[in-house]
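**Student:** Mind folding the following:
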Amino acid sequence: MAKDYSGASPKPHQPEPKGQRLTWILGIGALCILFYILGAWQSTSPASDRSELQNKVGFDGSSRTTNYHSSSASSPSASTLDFEAHHQVAINDSEAVSLKFPPCDMIYSEYTPCQYPPRGRKFERDMLKYRERHCPTKEELLMCLIPAPPKYKNPFKWPKSRDYAWYANIPHRELSIEKAIQNWIQVEGERFRFPGGGTMFPQGADAYIDEINELIPLTSGNIRTAIDTGCGVASWGAYLLKRDILTMSFAPRDTHEAQVQFALERGVPAMIGIMSSQRLPYPARAFDMAHCSRCLIPWHKYEGLYLIELDRVLRPGGYWILSGPPINWKKYHRGWERTQEDLKQEQDAIEDVAKSLCWTKVIEKADLAVWQKPLNHIECVESKRIYSTPRMCRDDNPDAAWYKNMESCITPLPEVSHSSEVAGGALEKWPARAFAIPPRVSSGSIPSVTPEKYREDNDLWKERTTYYKRIIPPLSKGRYRNVMDMNANLGGFAAALVEYPLWVMNVVPENSNHDTLGLIYERGFIGTYQDWCEAFSTYPRTYDLIHASNVFSTYLDRCDITYILLEMDRILRPEGTVIFRDTVEVLVKVQSITERMRWKTQIMDHETGPFNPEKILVAVKSYWTGEAAQEQKAL
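**Tutor:** Alright, predicted model coming up:
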């Protein structure tokens, strides 16, 4: 049945004249262009003074120790961006109406969640397992903000911070008393001074490093990354920096209070860590040099397990330097309160383990002994007929290091065709190494990372850091020293900042699709694996700037991001800065939580303009201390 129409019948179609149609199309086009321009103009701010943007996110141009000033210039996207009216973001109502996070009790001022002594004491003492990472259960997680100690001050600016730190920031005198004759640390009024001494280098780290330089070349550019086991206050790593050698220093949280905290307060890379039963959280073939200065690690015990692990993380041709017991035992045995027989047996045992790993002893002179790892394993495989143990590992991922137990087998090096060839590929000298194509990229060992994509990534991060410097002027003015990249990918962010007086802890999440940490080390930078559903192995207030690119979109379905943000607050210094990069929906979710954390935040446009769906959230942690919080609570 035909459909009935009410009213008059429609008129038959009559074509419009050609000129009239053209006028109509041009008119519509002009209106579209006009509305596009108006929309873009409303989404961005007119030229405004840069100080206005700084005030919005907490850059007031001053610090409690140093003043920073910037010239007037136009600022991108300085106006407040209101995305909530245009994006339906599901935010839990209970979160929206809840009170701000309260300060934790002052007893947690130096809280290290995964290295918390009361929890650690519940675990085995064998191999010091109780000092390994033991993270809190969900029920034990704190929902409060870790307070800074009363009278906390911003650290000294680098390079002065290498030698000085405020006593109020780390109020521990234990090391200044226990290590007084060894020149580790001294108290001078309101501040600590670090003379650069150590147990085996009382004349200072500089003189000690010069002695090492007489044995192996430290300034040729071949040695760039180093690891210091049992680092103390990291003076060895601190003084290597001026020789362009970047050191990963680590020490356990032990009876020597706050060793790693002192190191980071000085602006020197460091982590809480220990050689126990699990692999170090670093990839294979990461370090050009390893060092132990009376680090008290029993290298000869457990079938040489600790030297085997050191062999895993040491690059082909890398060096191991040992000073302290048992080296030069004939001179020091009385001071070490050990018998000559005992010390000789220990050294002989270390020598045997080193030979079984195919290491060559380069030299032993005075208090120093140096071994070198082979360039490849061609001859080592043959020598296993003599040294049958340790065997070569089989079917093992040499880079796997997150909660993975050490194994008493040698990590095999990549195969080579000639005995003079460097396994895995030779590296460029520093500083060319920072931007040269890493061997892991040129060999195609990382899926989807080609030399072309590597170069594109470098260009991308140069562009992004140029934009960061515009919206965060202190980035290029020495305001930040300790920087963390929570999702480092190829290390492009660290590489783009290489000209500035800062260092970057490049973190590769353990659940990443591609493991790129080995590539980052090949570039001459340092970093670690980490699961951001857990706490990082550091003390509170140890990073000045944190970069979080697509971290939260990755972890939204894995754990409560509230705890990740609280962890970021724990490790961030008062008046420190965070740069988030993510989708608008994720950043609005993040901002709703940070508003409860005493952070000042501002969502800004992507560097390519307002129409990119990815945005940037800049946050600055407010200055407050435990004392101030208690007074506020009393009011």
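
**Student:** mind listing what the longest strand along the chain pairs with, with the direction of each?
**Tutor:** Taking DSSP state E as the criterion, the chain has its longest strand at strand 572-583. Strand 572-583 pairs in its sheet with strand 543-549 (parallel), strand 614-621 (antiparallel), by DSSP bridges.

**Student:** roughly how far is whichever helix or strand comes after the shortest one from the heart of the chain?
**Tutor:** Heading C-terminal from strand 543-549, the first helix or strand you meet, by DSSP states H and E, is helix 551-555. Relative to the mean C-alpha coordinate of its chain, helix 551-555 is positioned 17 Å out (Cα atoms, centre = their mean, to the nearest Å).

**Student:** and what of stretch 524-543?
**Tutor:** That offset, for stretch 524-543, works out to 5 Å (Cα atoms, centre = their mean).

**Student:** go on, stretch 185-192?
**Tutor:** That offset, for stretch 185-192, works out to 28 Å (Cα atoms, centre = their mean).

**Student:** repeat for stretch 305-320
**Tutor:** The chain centroid and the centroid of stretch 305-320 are separated by 22 Å under Cα atoms, centre = their mean.

**Student:** Could you pull out the buried residues of it?
**Tutor:** For stretch 305-320, the neighbour count (16 or more other Cβ atoms under 10 Å) marks 305-320 as buried. C-beta here means a position set from N, CA and C on the backbone, and glycine is covered the same way.

**Student:** Distance of residue 410 relative to residue 468?
**Tutor:** Distance, residue 410 to residue 468, using Cβ to Cβ, to the nearest Å: 43 Å.

**Student:** now residue 252, nearest residue through space, not along the chain?
**Tutor:** Using Cβ to Cβ, 6 or more residues apart in numbering and skipping residues adjacent in sequence, the residue nearest residue 252 is residue 274, 4.0 Å away.

**Student:** ok, that neighbour - contacts?
**Tutor:** Counting by Cβ atoms under 8 Å, 6 or more residues apart in numbering, residue 274 touches 128, 131, 132, 250, 251, 252.

**Student:** With respect to residue 379, which of those residues is nearest?
**Tutor:** Nearest to residue 379, judged by Cβ to Cβ, of the contacts of residue 274 is residue 250 at 31.8 Å.

**Student:** Just list the residues touching the spatially closest residue to the closest one that is not a sequence neighbour, thanks.
**Tutor:** In this structure, residue 250 finds its nearest non-sequential neighbour in residue 273, 3.6 Å apart by Cβ to Cβ, 6+ apart. Shown in contact with residue 273 (Cβ under 8 Å, 6+ apart): 250, 251, 252, 280, 281, 537.

**Student:** quick check, nearest of those to residue 171?
**Tutor:** Using Cβ to Cβ, residue 251 comes nearest to residue 171 of the contacts of residue 273, at 19.2 Å.

**Student:** If the closest one is in a bridge, with which residues?
**Tutor:** Applying DSSP bridges, one finds that residue 251 bridges with residue 272.

**Student:** What pLDDT does the model give it?
**Tutor:** Residue 251 is assigned 94 on the pLDDT scale.

**Student:** swap in the one 3 residues further on?
**Tutor:** What the model reports for residue 254 is a pLDDT of 71.

**Student:** Help me confirm that it is found in a helix?
**Tutor:** No - if the criterion is DSSP: H, G, I helix; E, B strand; the rest coil, then residue 254 is coil and not within a helix.

**Student:** picking that back up, so can I have JSON lines of the contacts of residue 274 showing distance to residue 332 and neighbour count?
**Tutor:** Shown next, in JSON lines, are those (distance: Cβ to Cβ, whole Å; neighbours: other Cβ atoms under 10 Å):
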{"residue": "128", "distance to residue 332": "24", "neighbour count": "18"}
{"residue": "131", "distance to residue 332": "27", "neighbour count": "20"}
{"residue": "132", "distance to residue 332": "31", "neighbour count": "20"}
{"residue": "250", "distance to residue 332": "25", "neighbour count": "27"}
{"residue": "251", "distance to residue 332": "22", "neighbour count": "24"}
{"residue": "252", "distance to residue 332": "24", "neighbour count": "20"}
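
**Student:** and which of these is nearest to residue 620?
**Tutor:** Distances from residue 620 to the contacts of residue 274, taken by Cβ to Cβ, are shortest for residue 250, at 29.4 Å.

**Student:** Would you report the backbone torsion angles of the residue positioned nearest the centre of the chain?
**Tutor:** Nearest to the mean C-alpha position of the chain, counting by Cα atoms, centre = their mean, stands residue 505 at 2.1 Å. Per-residue torsions, residue 505: phi -90, psi 100 (degrees, to the nearest 10).

**Student:** Repeat that for the one 4 residues further on.
**Tutor:** Phi and psi for residue 509, reported as degrees, to the nearest 10, are phi -60, psi 140.

**Student:** surely it meets residue 554?
**Tutor:** Yes - shown here, residue 509 and residue 554 form a contact pair, counting by Cβ atoms under 8 Å, at 6.8 Å.

**Student:** anything in contact with each of these two?
**Tutor:** Common neighbours of residue 509 and residue 554 (Cβ under 8 Å, 6+ apart) are residue 487.

**Student:** Nearest to residue 531 among the buried residues of stretch 305-320?
**Tutor:** Of these, the one sitting nearest to residue 531 (Cβ to Cβ) turns out to be residue 313, at 19.6 Å.

**Student:** what sits against the closest one?
**Tutor:** Residue 313 sits next to 227, 280, 282, 283, 284, 285, 286, 287, 290 when contact means Cβ under 8 Å, 6+ apart.

**Student:** still on that earlier bit, now flag whichever of the contacts of residue 274 is closest to residue 185.
**Tutor:** residue 251 (13.9 Å).
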